[in-house]
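Student: pasted the sequence and its predicted model underneath.
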Amino acid sequence: MVLDMICNFRKCRKSLSSNAWVTTCSHAFCVEHGQREFKRNSENSLTCPACGSELRDKFDVIQADLKPSETFKSIVLAGLKPDAIMDVAMRAISFWSYQVEQETLYQEGLAKHAKEKLNCLEEVNNLNIQKLKAELETSKRKIASLQADFNRKRKHAEELTARLEEKTRQIQKLTFQVDAQKRKDFRLPNFEEKNDLDNQEKCLNITDLVGKRAASEAFVFKPMRENENSHRICSPKTPLFDFRHKSKRPGFQFRPFQS
């Protein structure tokens, strides 16, 4: 596999396939940068933009055809001695080897930089993984704590719900009792009023009866009769007169005791 040369101008890295500017310090540049850098001036000498070497001779930098024709190939080294031909070929091969070596070093540098960057990214990734693991463990502990707190709160809520239901049942029971007492209190005055009327009517009837009896009978005082043993003195327990308790009712009669 034949590799193409790369423009040695910094940050260009363009592939050289047809034409290129080459220097005796073994550097190659694309047509655009070569024309800009190697525009000859009689007062100023040329300088290689890659290594800074001075290019004083007119053959220190030339524009080469990287795809020469067959005619050019057949005539470019014609007439030269074999040692000259070998010297030219060796220098051309050395130029190509230098370009390949520089490209290899450049790629190795890129690979080394990429590897260092990869190692740095791996370290950062490992640190991030450790940090994430620590955060995960913290989150797990926090979740476990929140779960325990949630279970405790749910148990407390269930207890409060049970207490609320019990209080609701008690309130309903008390409400029912209050309603029953209200209904009882509502019926009680009528019943008491009826009883009062009945009692008043009975008292009036009794008073009328007593009054009528008192009007029909008069007070009679009669001495106690002598019993069969009249010679014996009456027992102290046997009263001669009947001292009954006076009643407050009208028409009371005081009568002696009769044996």
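Tutor: Received it, and whenever you're ready, just let me know what you need. Numbers count the residues shown, from 1 in each chain.
Student: per-domain residue ranges of the protein.
Tutor: Taking automatic domain parsing as the criterion, the chain consists of the domains 1-67, 82-188.
Student: out of the ones you listed, which gets the lowest mean score?
Tutor: Note on those: domain 1-67 shows the lowest mean pLDDT, a mean of 82.
Student: before we move on, the earlier item: of all the domains of the chain, which one is nearest Ser74?
Tutor: domain 82-188 (12.9 Å; C-beta to C-beta). In short, each C-beta sits where N, CA and C put it, glycine included.
Student: can you give me the helices in the stretch 51-200 of the chain?
Tutor: Applying DSSP state H, counting those that start in this stretch to the stretch 51-200 of the chain gives helices spanning 70-75, 82-216.
Student: possible to save the ones you listed as JSON lines with mean neighbour count?
Tutor: Shown next, in JSON lines, are the helices of the stretch 51-200 of the chain (neighbours: other C-beta atoms under 10 Å):
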{"stretch": "helix 70-75", "mean neighbour count": "9"}
{"stretch": "helix 82-216", "mean neighbour count": "11"}
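Student: of those, give the one that comes closest to Phe9.
Tutor: Here helix 82-216 is closest among the helices of the stretch 51-200 of the chain (C-beta to C-beta), at 12.7 Å.
Student: rewinding a little: okay, the domains of the chain in CSV with distance to Ser74 next?
Tutor: As requested, those are exported to CSV (distance: least, C-beta to C-beta, whole Å):
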stretch, distance to Ser74
domain 1-67, 14
domain 82-188, 13
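Student: what's near enough to touch the nearest residue to Gln35 once chain neighbours are set aside?
Tutor: Spatial nearest neighbour of Gln35, excluding adjacent residues (C-beta to C-beta, 6 or more residues apart in numbering): Trp21 at 7.8 Å. Going by C-beta atoms under 8 Å, 6 or more residues apart in numbering, Trp21 touches 28-31, 33-35, 37-38, 61-64.
Student: switch the cut-off to 7 Å
Tutor: 28-29, 34, 38, 61, 63 (C-beta atoms under 7 Å, 6 or more residues apart in numbering).
Student: and these, which two are furthest apart?
Tutor: The span of the contacts of Trp21, defined through C-beta to C-beta, is set by Ala28 and Phe38 at 11.9 Å.
Student: who's more crowded, these two?
Tutor: Neighbours were counted for Ala28 and for Phe38 using other C-beta atoms under 10 Å; Ala28 has more, 23 against 19.
Student: would you list the phi and psi of that one?
Tutor: Here is the backbone geometry of Ala28 (degrees, to the nearest 10): phi -130, psi 140.
Student: I'd like the numbering to begin with 45 instead of 1 from here.
Tutor: Done: numbering now begins at 45, and the last item shifts to Ala72.
Student: my read is that it contacts Tyr142, right?
Tutor: No: Ala72 is not in contact with Tyr142 according to C-beta atoms under 7 Å; the separation is 9.7 Å.
Student: residues near Phe53, how many?
Tutor: When neighbours are counted by other C-beta under 10 Å, Phe53 registers 20.
Student: the nearest residue to it once chain neighbours are set aside and Pro93, how far apart?
Tutor: Distance criterion C-beta to C-beta, 6+ apart; nearest residue to Phe53, sequence neighbours excluded, is His77 at 4.4 Å. Counting by C-beta to C-beta, to the nearest Å, the gap from His77 to Pro93 is 7 Å.
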